[in-house]
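Peer 1: pasting the structure only:
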C-alpha cells in the first residue's frame, strides 16, 4: 500500500458504581425510560453536583493499571454543545487538567509486540439516549443514562492497522474486567469507542487529515469500519482528492461508513472550568493505597503462567485473555497438576463447546473439579482420550459428573491384555492379505488393524496397549 494508516482510539468505559457521578440516581441498566433521574442529572436550575468518590478511585485504578501518571490536582470542565440527549446543554468532563496522563499498554499483533501510548484518562458524565421510532419520523429521549460515570481513555496515534486497533481495545477491556470497574458489555454500551483514522505516505511523519468513526460498539464493527475507511481514503488520495475532516458512522447494513457531521475541534466546545465543582486533589497516600489494592493484571498473569506452569506464550495469552478463564485454569491445576494437558483441553474442547452453546466460562456447567477428574481418569487408563471427549460433550450439556456418565454408558476402557490379544488374533486371521502387505513393508496398515479393534470394542480398547499387541503379533 502507498499509504500508512494512522489510528488513535478514544475509549469510553462505564464505571461499575451503584450511583451516578454527581447524584444518587441508580446506574442499573434496563429500567423504564426516565425513571433513574433527578433534578441534578437533568440539570434543573439551582442544583449543585457532588462528586462520587468511588468514580475517582476507579479512575485512579485504571490510570495505574495503564502506567499513567496520576495528577495531584485535576479539574472538571464544561463541554458545551447542543444535542437532544444532553439536558444541561453541556457535558461535565475534564479538559486541561485530566486525572491521568502519559501511560502505555503492551499489545501483541500477529506475533509482533507493540507498545501503545496513552495520552490521557479523564472522568466525565454520560449523555442520555435517543430512541428512534421505526414507524414515524420521531425520536424519544431516555435520560436514565445521563450522569452515568465514564472514564475516557485516549490513545496516541500509535496504531497502524485495524487488527492492532482491535487488539488494543481487547486489551483495554481485559484490564477493565480484571480491575472489576467496568463490565465491558459493548452491546449495552458499557464500553464503546471512537476511532480517529488518517492516511499518510509511507515514511512521512506528517499526519494526514483524519476522520472520526463514532460509537463503535463491537470489535467486529471497529475492524470492518477501519478497513472500509482505509479503502475510502486511499481511493480519494489516489484520485487527487482531499479527505474531509468529519465524523462518520458505521452502517452495518450497507457495509460502509457514512458522513454524520463536520468534525469538531476542542475550541468548538468552548471548554471552561465547571464553577460548581471544586478541583480534585489526590494525595500520594491515596494513590499508594489504590496501587496496593490492584489485582494481578493480565500482562503479569500471562508472564506468571509461562514461568510457573511452563506454558507457551500463546497458551498463556489465551488463558489470561479472560479473567474468569484464567481462574478456571488455576482451579483445575490445583486438583490435577498437568498444566499443559489442562490448557490443551480448555483451549480446544472447552472453548469450542462454549462457543457452540454461545455461553461464557461463567455459565459453564463443567466445574474445574469435574474437568480435573475427567483428565485424571484418562491418566489412570480408566478411559481413553477419545472416550473422554464423548464424555465431555455430555458433561458440557448436562453438568453431570464424568464417573456417572462413564458408568451409565458403560464406557470404561478395556485394558485386559488377554481379552484384547484374543480379539487381535481374530482380526489378523480375518485379514490375512492385509497382514501379508504389512509384513512386506506397508507398515501404515497398522492404523487399519487398530481401527478394526476400536470398531470391535466400540472405541473402548486401550489404544496404547492395542498398538503394542499388534506390533508384537505382526513381528515388528
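Peer 2: Great, that's in hand. Note that the coordinates shown come from a computational prediction; the quantities given were computed from them, not determined experimentally. Numbers count the residues shown, from 1 in each chain.

Peer 1: so what strands line up beside the lengthiest strand in the chain?
Peer 2: Longest strand in the chain, counting residues (DSSP state E): strand 112-125. Counting by DSSP bridges, the strands paired with strand 112-125 are strand 100-109 (antiparallel), strand 149-155 (antiparallel).

Peer 1: I'd like to know which of these is closest to residue 87.
Peer 2: Among these, strand 149-155 comes nearest to residue 87, with 16.4 Å by Cβ to Cβ. From N, CA and C alone the C-beta is placed, and that goes for glycine too.

Peer 1: and the helix or strand containing residue 389, how far from the chain's centre?
Peer 2: Assigning secondary structure by DSSP states H and E places residue 389 in helix 385-398. Remark: helix 385-398 is offset 27 Å from the chain centroid, using Cα atoms, centre = their mean, to the nearest Å.

Peer 1: flag every buried residue along the helix or strand where residue 307 lies.
Peer 2: In this assignment (DSSP H and E), residue 307 forms part of helix 298-309. Residues 298-299, 301-302, 304-306, 309 are the ones in helix 298-309 that count as buried (16 or more other Cβ atoms under 10 Å).

Peer 1: contact partners of the strand or helix carrying residue 237?
Peer 2: If you go by DSSP H and E, residue 237 is part of helix 219-238. Helix 219-238 is contacted by residues 1-3, 5, 7, 162-163, 165-166, 169-170, 186, 193, 195, 197-199, 208, 211, 213, 216, 242-243, 248, 250, 252, 255-257 when judged by Cβ atoms under 8 Å, 6 or more residues apart in numbering.

Peer 1: ditto for stretch 462-476
Peer 2: For stretch 462-476, the surrounding residues in contact (Cβ under 8 Å, 6+ apart) are 381, 384, 386, 413-415, 417, 420-421, 424-425, 428, 435, 438-439, 443, 446, 449-450, 453-454.

Peer 1: and with 10 Å instead?
Peer 2: 381-386, 413-417, 420-421, 423-425, 427-428, 435, 438-439, 443, 445-454, 457, 461 (Cβ atoms under 10 Å, 6 or more residues apart in numbering).

Peer 1: tell me the contacts of the residue most central in space within the chain?
Peer 2: Compute the mean C-alpha point of the chain, and by Cα atoms, centre = their mean the closest residue is residue 170, 4.7 Å away. Residue 170 sits next to 107, 184, 219, 321 when contact means Cβ under 10 Å, 6+ apart.

Peer 1: does residue 438 lie in a helix or a strand, and which?
Peer 2: With DSSP H and E as the test, residue 438 turns up in helix 432-439.

Peer 1: and for that helix, what are the contacting residues?
Peer 2: When contacts are defined by Cβ under 10 Å, 6+ apart, helix 432-439 is touched by residues 427-429, 431, 442-446, 448-449, 452, 470, 473-476.

Peer 1: picking up where we left off before, list the buried ones in the longest strand of the chain?
Peer 2: Buried residues in strand 112-125, counted by 16+ other Cβ under 10 Å: 116, 118-125.

Peer 1: any chance of CSV for those, columns distance to residue 18 and pLDDT?
Peer 2: Listed next are the buried residues of strand 112-125 as CSV, based on distance: Cβ to Cβ, whole Å; pLDDT from 0 to 100:
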residue, distance to residue 18, pLDDT
116, 32, 97
118, 27, 98
119, 30, 97
120, 26, 97
121, 22, 98
122, 22, 98
123, 17, 98
124, 18, 97
125, 16, 97
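
Peer 1: ok, the residues you listed vs residue 50, which is closest?
Peer 2: Residue 50 lies nearest to residue 125 out of the buried residues of strand 112-125, by Cβ to Cβ, at 12.6 Å.

Peer 1: all strands in the stretch 201-350 of the chain, in order from the N-terminus.
Peer 2: 211-216, 246-251, 256-262, 272-273, 280-281 (DSSP state E, counting those that start in this stretch).

Peer 1: please apply the same query to the stretch 51-200 of the chain.
Peer 2: Ranges of strands in the stretch 51-200 of the chain, per DSSP E, counting those that start in this stretch, are 69-70, 73-74, 76-80, 90-94, 100-109, 112-125, 129-132, 139-142, 149-155, 191-201.

Peer 1: and among those, the most buried is which?
Peer 2: strand 149-155 (a mean of 24; mean count of other Cβ atoms under 10 Å).

Peer 1: average pLDDT for that one?
Peer 2: The pLDDT scores in strand 149-155 average 98.

Peer 1: relative orientation of it and strand 90-94 in degrees?
Peer 2: Put simply, strand 149-155 runs at 60 degrees to strand 90-94, going by axes from the mean of the first three to the mean of the last three Cα atoms, to 10 degrees.

Peer 1: how far away is the residue lying closest to residue 341 once chain neighbours are set aside from residue 350?
Peer 2: Among residues not flanking residue 341 along the chain, residue 375 sits closest, at 6.0 Å (Cβ to Cβ, 6 or more residues apart in numbering). Residue 375 is 11 Å from residue 350, where distance means Cβ to Cβ, to the nearest Å.

Peer 1: next: residue 83.
Peer 2: Distance from residue 83 to residue 350, by Cβ to Cβ: 45 Å.

Peer 1: shared neighbours, residue 375 and residue 350?
Peer 2: With Cβ under 10 Å, 6+ apart as the test, residue 375 and residue 350 both reach 332, 342, 344, 392.

Peer 1: and these as CSV, adding neighbour count?
Peer 2: Shown next, in CSV, are these (neighbours: other Cβ atoms under 10 Å):
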residue, neighbour count
332, 26
342, 27
344, 14
392, 21
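
Peer 1: can you lay out the residues you listed as CSV showing distance to residue 272 and pLDDT?
Peer 2: Listed next are these as CSV, based on distance: Cβ to Cβ, whole Å; pLDDT from 0 to 100:
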residue, distance to residue 272, pLDDT
332, 55, 97
342, 57, 97
344, 58, 96
392, 61, 93
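
Peer 1: which single one of the residues you listed is nearest to residue 46?
Peer 2: residue 332 (58.5 Å).

Peer 1: show the contacting residues for the closest one.
Peer 2: Residues near residue 332 by Cβ under 10 Å, 6+ apart: 338-339, 341-343, 345-346, 350, 367-373, 375.
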